[in-house]
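Visitor: What follows is a predicted protein model with its sequence.
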Amino acid sequence: MGPRDTTTITVGGNGPTTTHRYTEKSSTTNEGKSIMGERMLRGSRLGAVSYESDRNTELAPRQTREYLCAKGHQFEVPFAVDAEVPVTWECKFDGSVARLVDGNEPEQKKAKPPRTHWDMLLERRSVAELEDILAERLQEVRTRRGRA
């Protein structure tokens, strides 16, 4: 192997495979003779990490927005320029709801008042009908007990 040759070894049986790359470096003296070989082990998982550098790459345009939580924590979150920025975000420090600084308040959804059993019953019967049914049932109970 030369001074910067790389050997790739793939390890794995029936399960996931792991790739190891060995790079051999040679240290030389002033006379050009090799003193010692160094080995560097680099491990990776399939598809997990890219070893490609970010140099000379152009990032997507970004905007940074500030959020503030009720406990006073203020932090910034980067978004793409064309992304819709949410009005609320989870606080990085305590997990509470943080609001966008200089943002509009979220629109409150019109909430229906909760329907009770009584409300649903009144949708099917009138109060007069319910009083008649109650009188019939009470009469039936009294008859069974022998008090008619």
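Guide: Structure's in. What do you need?

Visitor: what does the domain assignment say about the protein?
Guide: If you go by automatic domain parsing, the domain ranges for the chain are 6-45, 62-100, 115-148.

Visitor: and these, which one's lowest on average pLDDT?
Guide: Here those differ in mean pLDDT, and the lowest is domain 6-45 at a mean of 55.

Visitor: This protein: strands as residue ranges?
Guide: Per DSSP state E, the chain carries strands over the ranges 6-11, 18-28, 34-45, 62-69, 74-80, 88-90, 97-100.

Visitor: The helix ranked longest in the chain - contacts with which helices or strands?
Guide: The longest helix of the chain (DSSP state H) is helix 127-145. For helix 127-145, not one helix or strand is in contact under the criterion 3 or more Cβ pairs under 8 Å, 6 or more residues apart in numbering; DSSP states H and E. C-beta: built from backbone N, CA, C; applies to glycine.

Visitor: May I have that helix as CSV, with CA atoms only?
Guide: Written as CSV, here are the backbone C-alpha positions of helix 127-145 (Å, rounded to 0.1, in the frame of the first residue of the first chain):
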residue,chain,number,x,y,z
VAL,A,127,-90.9,18.9,28.0
ALA,A,128,-94.7,18.1,27.9
GLU,A,129,-94.0,14.7,26.3
LEU,A,130,-91.3,13.9,29.0
GLU,A,131,-93.8,14.8,31.8
ASP,A,132,-96.4,12.4,30.3
ILE,A,133,-93.8,9.6,30.0
LEU,A,134,-92.8,10.2,33.6
ALA,A,135,-96.4,10.1,34.8
GLU,A,136,-96.9,6.8,33.0
ARG,A,137,-93.8,5.2,34.4
LEU,A,138,-94.6,6.3,37.9
GLN,A,139,-98.1,4.8,37.6
GLU,A,140,-96.6,1.6,36.4
VAL,A,141,-94.2,1.4,39.4
ARG,A,142,-97.0,2.1,41.8
THR,A,143,-99.1,-0.6,40.3
ARG,A,144,-96.3,-3.2,40.6
ARG,A,145,-95.9,-2.3,44.3
